[in-house]
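Novice: quick check, what structure comes out for this input:
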Amino acid sequence: MTTMLPAGSFFHQVLQRGLVKTILSILVLLPLFAIPSICQAATIRGSVKEIHSGAARASAANLVTVTLYRGGSSDLQKVETFQTGADGLYHFDNIPKGEYTIHVQDPNVKEANWGPAAYRRVTVPDANAVIDLEPTIIDYK
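Specialist: Residues are numbered from 1 along each chain as shown. As a prediction, this is how the structure comes out:
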């Protein structure tokens, strides 16, 4: 025996408008929004400062290229490049666990400078890490 819903009832209107399908779709898709929290990766962030001859202190270095490489010292694999803005800040997001090298390229030097101030080794211990590095100083004295 089939029961018909009265034409003006709330449930009849819901069925006609397809709201049930919409609600079911939302309930099915809702767990998918939790996936980004499962697939988290680390963030590495820092800053570059420059100090010129006669300056009392360092200031933010603008337009400096900061490159992230996977690996410690040999067989480096380029992951990402970031150019600092007026604030001298840089960041690399969604970085998996592992060993990395960060290279800071002085914009006034044409060839890569792999001196002590130009690179930094970083270990990402886990996917939830947020690594705040001390500033890299470019010294023009």
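Novice: check which element follows the helix or strand of the chain with the lowest mean pLDDT along the chain.
Specialist: Ranked by mean pLDDT, DSSP states H and E, the helix or strand of the chain with the weakest confidence is helix 35-38, at a mean of 46. Stepping forward along the backbone from helix 35-38, the first helix or strand reached (DSSP states H and E) is strand 42-52.
Novice: in that next one, what's buried?
Specialist: Neighbour counts over strand 42-52 (16 or more other CB atoms under 10 Å) mark 42-44, 46-51 as buried. For every residue, glycine as well, the C-beta is placed using N, CA and C.
Novice: check stretch 72-88 too.
Specialist: 76, 79-80, 82, 84, 88.
Novice: looking at those, which two lie furthest apart in space?
Specialist: 76 and 88 (23.7 Å; CB to CB).
Novice: now do the strands in this structure.
Specialist: Counting by DSSP state E, the chain has these strands, from start to end: 42-52, 59-60, 65-70, 77-83, 89-95, 98-105, 119-124, 130-132, 136-140.
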